[in-house]
Every structure is written in structure tokens, then in C-alpha cells.
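**Q** Fold the following.
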Amino acid sequence: MGNKVLILSASAGAGHVRAAQALERAFAAAGGAGEVRHVDALEFTNKVFRTIYSKTYIEMVDKAPDVLGWLYDALDSPWQKERRRLAWDKLNTRPFVKLLEREQPDLIVCTHFLPAEMVSWMKAKHRLACPQAIVVTDFDVHAMWLCHHYEHYCVALDETREHLIRLGIPPAKVSTTGIPIDPLFAEVKDKAAMRTKLGLGPDKTTILLSAGGFGVGPVEHIVTTLLGLAHPAQIVAICGRNAELLARMQALAAKATAAPGALVPVGYTTAMDEYMSAADVLVGKPGGLTTSEALAKGLLLVIVNPIPGQEERNSDHLLEAGAAIRCNNLPVLAYKLDRLLDDGPRVTRMRQSGARLAKPHAARDVVRISLGLAGART
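**A** Next comes the predicted model:
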């Protein structure tokens, strides 16, 4: 096709960028897309705006989640407050607008509402003419994702599709694709082989803890509680780039002499698909990307400390579908998980529910739809 494709994300939280990276790989696998480039829109804004969007968001997640939840709900008024927000965003994204005018791509795919809004405005002003696909990266859709000038929405659930239709989006312009995840997560990998490769015990229930997503206190509390499981288990604590957290987890593992190997701390890794293939259970926050990856790998989901707002809503969808349990009181986490593991039929039902929600090929489907938009234009 030879078209120029821009995938636009924003580094406010990791999920939007990871979804964009997954689409990059899916475009490469599909072939024929021409030049494909991923751009973080926040890199082309001023420093104050960038700080508000990324660092302030992360600080609020850590220190003031209730305020974040209040803001989420306060701003969730479909087709309201658009002009004020657009005026603020236009003021702060001039380098980004210039980039788009210079590039003049043949296709744009957005995994964050900020670039989607700016592209919509530029299309309205005839400063861009290419089709835009908007990929919602949570199970629910927030009002800030709503645009007037776009060609297609890709969403996680049929309910979310229906929500957009009820808000005035034409049915032909919304597809239930799922949230794009790296195509690696669609590959079936043998559980026993992955455990051997990663140096894990072959016969223990394997619990994956995305520890990097939690604040300082809850991580120790979660791990200490899980170490009290009655079932023979090993806890793989993924600490990401947090060296201090990794050191604390290693110290905790050294103290757990009663059950050597029960806690396996892991630093930054690019092998999350292998760790998920090796695991039985994921304990963590229900972010859109991590949840979609875990569902693709058939994991049981145990939700702990969801961020008010989008993660609360993700949690609601997972619980309603029967694909997860939630623990609001950390002291009973091991108790709840033991009860679940004791109930074989319930475990089977949860896995089946998760399989119905899973969309391991979401990235491929988004790419197919997007290329169709570009093809219709040429």
C-alpha cells in the first residue's frame, strides 16, 4: 500500500504506550502498511503541560487516588466541556500540531484521547485529511474519548460499543476488537516448559504479582499475606524498574525461610508473556492492558486496590462477567484465594468466563480495520 501510518499515544500511565507498541508490531506482522511510526504526543508539548499529564497523574495515583476518581467522574459528561478542554489543549500542543501538519500521514491510529481530540480538530479545520481510528484502552469509555471527526472506534466490549452508539456514534463506525496487546500474548506456550525456563517450581500454584503498580506499604502487606496461603504456592513479584522495591522483595524472600522459593522477586523484564504463561493467578490492579494480557493467557484474576475511576470500572466489568474476584481487605487475601483454589468447579467457570472476554488478537483486528479505512481512501 505504501501509506504513511502514525500511531499516536500519550505517556500518561504505561497502558496507552504499550497499546501503541502492540499495534506497531501488528502492523509490521500484517505487512503492506508502508511507513509506520509511533509518536508519544506528550513529547511535543510544553514542559508544564507534559508534567501535568504524566507526572501529576502518576503522583495522584500514588498519593491521592480518591481525587483522581472524583476528577474522572466529574469530567465524564458526554459532549460537555469540550470547548474549554480543546482551548487548553490547543494552547499546549502547538509543536504536536506542527508535527502532524508536516507529516501529513495517510492514516492515524490513536491510543489516547489527547491526540485523538487534536486530530479531530485538525480534520474539522481541513488541516488534516487522513482517516482516524480511535482505540479505547480500558473496558469502559470515558467522555474524553468522544470526538466529532473520526472514521472508526475500536473498543473492548460489546457493552462499550452499545454505550457509544447510544451517545450518537453510528453503529458502522464502532467495532468490538478488544484492547491491543503484544501479539506474543496470543502464542500458546507450555506452562511446564515456561516454569523450567524461568527457574520456577514445576508443581506449585504460581501467583504473578504486578508489584510495581502498588505503593510502598501495600506490596509488603500483599506479599506477607500471600505467603500465608495454605496451598503450596510460589509468588512471582514483578517489580519493574523499581530497584528499591526489588531490593525489599529480595530481603523479604530471604526471610521466608519456612518456605524457600515461595517468593521470587523479578526486576524489569521483557518476558511478561512467558511469566504469564507460567502462572495460574494474577494478583494486581485491573489496568486495561495488563488485564487483557492476563485474559489472553487464561489466568485467574484477583483484583486488589483498583484506582478509582477507570480501574474501578474495569473491575466492575470483570466481576460482572465472572472472570475475577476482588479483595478489599488485604488481611483476608490468602483466605479468599485458598477458598477459590479449593473450589475446582468455580475455577473452571472463572477460566471459561475469562476466555469469553479474552481478545488475544485485538491488535491484529485493529490493524485490519485501520488498513481498511486507509484503503477506502486511496
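**Q** domain assignment for this protein?
**A** 4-181+360-377, 184-357 (automatic domain parsing).
**Q** any idea how far residue 334 is from residue 317?
**A** 26 Å (Cβ to Cβ, to the nearest Å). For every residue, glycine as well, the C-beta is placed using N, CA and C.
**Q** err, residue 340, not the other one
**A** Counting by Cβ to Cβ - residue 340 and residue 317 are separated by 19 Å.
**Q** more neighbours, those two?
**A** residue 317 (20 against 17; other Cβ atoms under 10 Å).
**Q** got a list of what that one touches?
**A** 139, 140, 157, 159 (Cβ atoms under 8 Å, 6 or more residues apart in numbering).
**Q** ranking those residues by neighbours, who comes first?
**A** Going by other Cβ under 10 Å, residue 139 tops the contacts of residue 317 with 26 neighbours.
**Q** That one belongs to a helix?
**A** No. According to DSSP: H, G, I helix; E, B strand; the rest coil, residue 139 belongs to no helix; its state is coil.
**Q** Now it. Its backbone dihedrals?
**A** With angles defined as degrees, to the nearest 10, residue 139 sits at phi -70, psi -30.
**Q** now residue 39
**A** Residue torsions, per degrees, to the nearest 10, at residue 39 are phi -120, psi 130.
**Q** Report the beta-bridge partners for the closest residue in space to it that isn't next to it in sequence.
**A** With Cβ to Cβ, 6 or more residues apart in numbering as the criterion, residue 39 has its nearest non-adjacent residue at 5.5 Å, and that residue is residue 8. Beta bridges link residue 8 to residue 39, residue 110 when assigned by DSSP bridges.
**Q** Neighbours of residue 8, how many?
**A** Residue 8 has 28 nearby residues by other Cβ under 10 Å.
**Q** Look at the spatially most central residue of the chain and tell me its secondary structure.
**A** The C-alpha lying nearest the average C-alpha coordinate of the chain belongs to residue 289 (Cα atoms, centre = their mean; 2.1 Å). Three-state assignment for residue 289 (three-state DSSP): helix.
**Q** Relative to residue 76, how far out is the closest residue in space to it that isn't next to it in sequence?
**A** Nearest residue to residue 289, sequence neighbours excluded (Cβ to Cβ, 6+ apart): residue 15, at 4.3 Å. Counting by Cβ to Cβ, the gap from residue 15 to residue 76 is 18 Å.
**Q** Please apply the same query to residue 171.
**A** 22 Å.
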